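K.L.:
fold the stuff below for me.
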Amino acid sequence: MIPLQAPFTEDKIRALHVGDEVLISGVVFTGRDAVHKYLHEGGALPPGVNLRDGILYHCGPVVLKDERGEWKVTAAGPTTSIREEPYQGQIIGAFGVRGVIGKGGMGERTLAACREHGCVYLHAIGGAAQVLAECVKKVRGVYLLEEFGSPEAIWELEVKDFPVVVTMDAHGQSLHREVREASEAALRERL
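P.N.:
Below you'll find the model as predicted:
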């Protein structure tokens, strides 16, 4: 496992390759459909949210207030990333994003943006929402909660040893493309 600690610089990101197993420690921001559409259409990031050299997590965490009135993440599983394909490349470039966490992979436009801007797509384990929540040590803030609702808000999460696998790197390699091409070739052989 490769430890990846904030700050998430371009040099650190370009040193990663498809297949690398990574443990992220630092701050990540969540963002799903509403946030991606909002930013793509020219919406401004709220004060306090800085995605430059940051990681954007496709996640709608389950978050509750504890007895002290502090937010606590009880589930933090990835959502399917391909829905963000129309927006992701532009957001990577415009906001200086270095990593995107999700599940299921993304398409060629996102891969091109990763290569151009020094970003990686990091696959998190689907179905392990409670286990991944244990890696969230603190909720540092929440933004656009009233506008978008809890699952679609931007949550600022401090994580430690959050496990992911690089499946799209900053060198133009995509595990998702390799699997698709191999599957298509195997299917052609059977027909």
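K.L.:
quick one, helices of this protein?
P.N.:
10-14, 33-40, 85-95, 108-117, 129-133, 145-148, 175-190 (DSSP state H).
K.L.:
select, out of those, the one closest to residue 51.
P.N.:
helix 85-95 (4.1 Å; CB to CB). Every C-beta, even on glycine, is put in place using the N, C-alpha and C of the backbone.
K.L.:
quick one: the closest one to helix 33-40, angle?
P.N.:
Here helix 85-95 runs at an angle of 50 degrees relative to helix 33-40 (axes from the mean of the first three to the mean of the last three CA atoms, to 10 degrees).
K.L.:
same for the strand of greatest length in the chain, what does it pack against?
P.N.:
When the chain is parsed with DSSP state E, its longest strand is strand 154-168. Applying 3 or more CB pairs under 8 Å, 6 or more residues apart in numbering; DSSP states H and E, one finds that strand 154-168 makes contact with strand 21-30, helix 108-117, strand 120-123, strand 136-143, helix 175-190.
K.L.:
check the offset of that strand from the chain's centre.
P.N.:
Taking the mean of its C-alpha atoms, strand 154-168 sits 7 Å from the chain's own mean (CA atoms, centre = their mean, to the nearest Å).
K.L.:
pLDDT averaged over that strand - what is it?
P.N.:
Mean per-residue pLDDT for strand 154-168: 97.
K.L.:
in it, which residues are buried?
P.N.:
In terms of neighbour count (16 or more other CB atoms under 10 Å), strand 154-168 has its buried residues at 154, 155, 156, 157, 159, 162, 163, 164, 166, 167, 168.
K.L.:
out of these, the closest to residue 138 would be?
P.N.:
residue 157 (7.4 Å).
K.L.:
my read: that closest one touches residue 61, true?
P.N.:
Yes - applying CB atoms under 8 Å as the test, residue 157 and residue 61 come out as touching, 7.4 Å apart.
K.L.:
what's the neighbour count on the closest residue to residue 172 other than its chain neighbours?
P.N.:
Nearest residue to residue 172, sequence neighbours excluded (CB to CB, 6 or more residues apart in numbering): residue 115, at 4.6 Å. Residues near residue 115, counting by other CB atoms under 10 Å, number 17.
K.L.:
which residues touch residue 115?
P.N.:
Residues counted as contacts of residue 115 (CB atoms under 8 Å, 6 or more residues apart in numbering) are 170, 171, 172.
K.L.:
can you give me the distance of the last one to residue 110?
P.N.:
For residue 172, the distance to residue 110 equals 12 Å [CB to CB, to the nearest Å].
K.L.:
for the second one, same thing?
P.N.:
The span separating residue 171 from residue 110 equals 14 Å under the rule CB to CB.
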